[in-house]
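Asker: coords please:
(2 chains)
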Protein chains: 2
Amino acid sequence: MSSTPLGSTTITQVGIIVHNIEETAQAWASLLGVPAPGIIVTDAYEQTQAEYLGQPTQARAKLAFIQLGQITLELIEPIGEPSTWQDQLAGHGQSLHHIAFEIKGMKQRLEVLAGHGLPLIQRGEYQGGRYAYVDGQQRYGAIIELLEND
Amino acid sequence: MSSTPLGSTTITQVGIIVHNIEETAQAWASLLGVPAPGIIVTDAYEQTQAEYLGQPTQARAKLAFIQLGQITLELIEPIGEPSTWQDQLAGHGQSLHHIAFEIKGMKQRLEVLAGHGLPLIQRGEYQGGRYAYVDGQQRYGAIIELLEND
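Answerer: Model prediction:
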């Protein structure tokens, strides 16, 4: 495991919360001159084991990914609640939500980061890996997502 | 000039609005295991010719840049007002502010983008180039910064 708290210096994703992912995905594709991305829906709780503030949550999201070199632009439309996605849409409207880093050793990483002003707010499994959002808004000015791909 | 509306598909910067740039820059440096970045202050109006919503503005900002491969993480602490930086700090607290693309032909690009749901909100000159923020929050979910380096 890297000896730095975060364990990575490479931003791989920028996430944006949107109201209507079909419209927004089409708008971005036109703006950038790229094909409109497919839209997926996150798995159900039985697969994701999603937790929000330490409690299981049935919240899901529609996602679209636009690959732009090193960075993937991720569009996120919340479905249901509670989730950090829905919190942000309700509190701030459409807006940038997170920057993501790929890491290894999620469990130990989360313990380390909790001691660096980055408490866990939401986590879940996806096919081939897992994610966690840590809340760095107070100390770092942003929510950070950790992505661990197996 | 590129035939796509934006003229670029490469995100080069992610901007974060912060209250206290000295503290936040040090926090990020520790988290990432990199040297603490220097902090600069944007030039005065005489140099920047800054405009906010079409009117000259004396607002400035402290800036710090952390280079992370393709992406530069930009920390921004507003000084004075009016500016999009101060608006966001007042309205949303510390938060992600923009993603930036490098473009050519700023004047024509802004005309094209205004027709794609991206009205100009703030612009200014810096040593060796110029920036413009266009407000894509409604159609794209984010403020986009255009950077043109001579």
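Asker: and the residue of chain A positioned farthest from its centre, what does it touch?
Answerer: With CA atoms, centre = their mean as the measure, chain A has its most outlying C-alpha, relative to the mean C-alpha position, at A:G33: 24.5 Å. Remark: with contacts taken as CB atoms under 8 Å, 6 or more residues apart in numbering or on different chains, A:G33 is in contact with B:2-6, B:9. C-beta: built from backbone N, CA, C; applies to glycine.
Asker: now for those, which pair is the farthest apart?
Answerer: Among these, the pair separated by the greatest distance (CB to CB) is B:S3 and B:T9, at 12.6 Å.
Asker: quick check, A:A90 in a helix?
Answerer: Yes - note on A:A90: a helix contains this position according to DSSP: H, G, I helix; E, B strand; the rest coil.
Asker: what's the pLDDT at it?
Answerer: In this model, A:A90 is scored at 98, pLDDT.
Asker: the top helix by length along chain A packs against which elements?
Answerer: When secondary structure is assigned using DSSP state H, the longest helix within chain A turns out to be helix A:21-32. Contacts defined by 3 or more CB pairs under 8 Å, 6 or more residues apart in numbering or on different chains; DSSP states H and E place helix A:21-32 against strand A:39-41, strand A:60-68, strand A:71-79.
Asker: what would those strands look like in CSV with mean neighbour count?
Answerer: Shown next, in CSV, are these (neighbours: other CB atoms under 10 Å in any protein chain shown):
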stretch, mean neighbour count
strand A:39-41, 13
strand A:60-68, 19
strand A:71-79, 22
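Asker: now those strands as CSV including distance to chain B and mean pLDDT?
Answerer: Shown next, in CSV, are those (distance: least, CB to the nearest CB, whole Å; pLDDT from 0 to 100):
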stretch, distance to chain B, mean pLDDT
strand A:39-41, 15, 98
strand A:60-68, 5, 98
strand A:71-79, 5, 98
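Asker: now those strands in JSON lines, with distance to A:L53?
Answerer: Written out in JSON lines, the entries for those read as follows (distance: least, CB to CB, whole Å):
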{"stretch": "strand A:39-41", "distance to A:L53": "22"}
{"stretch": "strand A:60-68", "distance to A:L53": "17"}
{"stretch": "strand A:71-79", "distance to A:L53": "15"}
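Asker: out of the ones you listed, which comes closest to A:R123?
Answerer: Minimum separation from A:R123 across these (CB to CB) falls at strand A:60-68, 13.8 Å.
Asker: pull up the pairing partners for that closest one, direction included.
Answerer: Partner strands for strand A:60-68, per DSSP bridges, with pairing direction: strand A:39-41 (antiparallel), strand A:71-79 (antiparallel).
Asker: is stretch A:97-117 anywhere near chain B?
Answerer: Yes - using CB under 8 Å from any CB of the partner chain, stretch A:97-117 comes into contact with chain B via A:97-99, A:116-117.
Asker: what residues sit buried inside that stretch?
Answerer: Applying a neighbour-count criterion of 16 or more other CB atoms under 10 Å in any protein chain shown, the buried positions in stretch A:97-117 are A:97-103, A:106, A:109-110, A:112-113, A:116-117.
Asker: so which of those are in strands?
Answerer: A:97-102 (DSSP state E).
Asker: do you know the pLDDT at A:H98?
Answerer: According to the model's per-residue confidence, A:H98 sits at a pLDDT of 98.
Asker: is it true that it touches A:A142?
Answerer: Yes - with the criterion set as CB atoms under 8 Å, A:H98 and A:A142 qualify as a contacting pair; they are 6.7 Å apart.
Asker: what residues are shared contacts of the two?
Answerer: Between them, A:H98 and A:A142 share these contacting residues under CB under 8 Å, 6+ apart: B:L96.
Asker: partners of the closest residue to A:Y133 other than its chain neighbours in the sheet?
Answerer: Nearest non-adjacent residue to A:Y133, counting by CB to CB, 6 or more residues apart in numbering or on different chains: A:Q122, 4.6 Å away. Going by DSSP bridges, A:Q122 is paired in beta bridges with A:Y52, A:Y133.
Asker: which residue packs closest to A:I99, ignoring adjacent ones?
Answerer: Computed as CB to CB, 6+ apart, the closest residue to A:I99 that is not its neighbour in sequence is A:I11, at 5.1 Å.
Asker: ok, that neighbour - contacts?
Answerer: A:70-71, A:99-101, B:14, B:68-69, B:71, B:73.
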